[in-house]
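Novice: Test case, fold it:
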Amino acid sequence: MRSPFAVLGVPDGADPQTIRRAYKRLAVQHHPDRSSAPDAAERFKEVTEAYAVLTDERERRRYARRRRQQHAARELLHVGGLDAGL
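Specialist: Just a heads-up that it's a prediction; the model follows:
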């Protein structure tokens, strides 16, 4: 899963106004009624889900927690030398 920040093209920790502007721009760009791209519906769904995560404080905290846990797990693998071939 891509980071919701990456999906919207905003930096980690972006403020709500930046997130809202990016969402509106991408929602218009990828809306299936406005875009003829074959993946428009899927991209629109991805953008909408990313926006939902970043604008809901509970979901945003859940995402941040999962990200910290994944980072910690990668660090443990790296420190233990278990990342060979990954």
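
Novice: I'd like to know which elements the helix or strand harbouring Arg74 is packed against.
Specialist: Element membership of Arg74, judged by DSSP states H and E, is helix 57-79. In this structure, helix 57-79 packs against helix 40-55, with contacts taken as 3 or more Cβ pairs under 8 Å, 6 or more residues apart in numbering; DSSP states H and E. Glycine gets a C-beta too; all of them are placed from N, C-alpha and C.

Novice: Quick one: residues in contact with the helix it packs on.
Specialist: Contacts of helix 40-55 with the rest of the structure, by Cβ atoms under 8 Å, 6 or more residues apart in numbering, involve 2, 4-5, 7-8, 14, 16, 19-20, 23, 26-27, 30-32, 34-35, 37, 59-60, 63.

Novice: just the buried members of these?
Specialist: When neighbours are counted using 16 or more other Cβ atoms under 10 Å, these contain these buried positions: 4-5, 7-8, 14, 19-20, 23, 26-27, 30, 63.

Novice: Quick check: chain neighbours aside, which residue is closest to the residue most central in space within the chain?
Specialist: To find the centre residue of the chain, average its C-alpha atoms and take the closest one (Cα atoms, centre = their mean): that gives Pro4, at 1.2 Å. Beyond its immediate neighbours in the sequence, the residue positioned closest to Pro4 (Cβ to Cβ, 6 or more residues apart in numbering) is Ala50, lying 3.6 Å away.

Novice: Mind pulling up the pLDDT for the one you found?
Specialist: What the model reports for Ala50 is a pLDDT of 96.

Novice: how close does it sit to Arg74?
Specialist: Between Ala50 and Arg74 the distance is 22 Å, computed by Cβ to Cβ, to the nearest Å.

Novice: Good, wrapping up.
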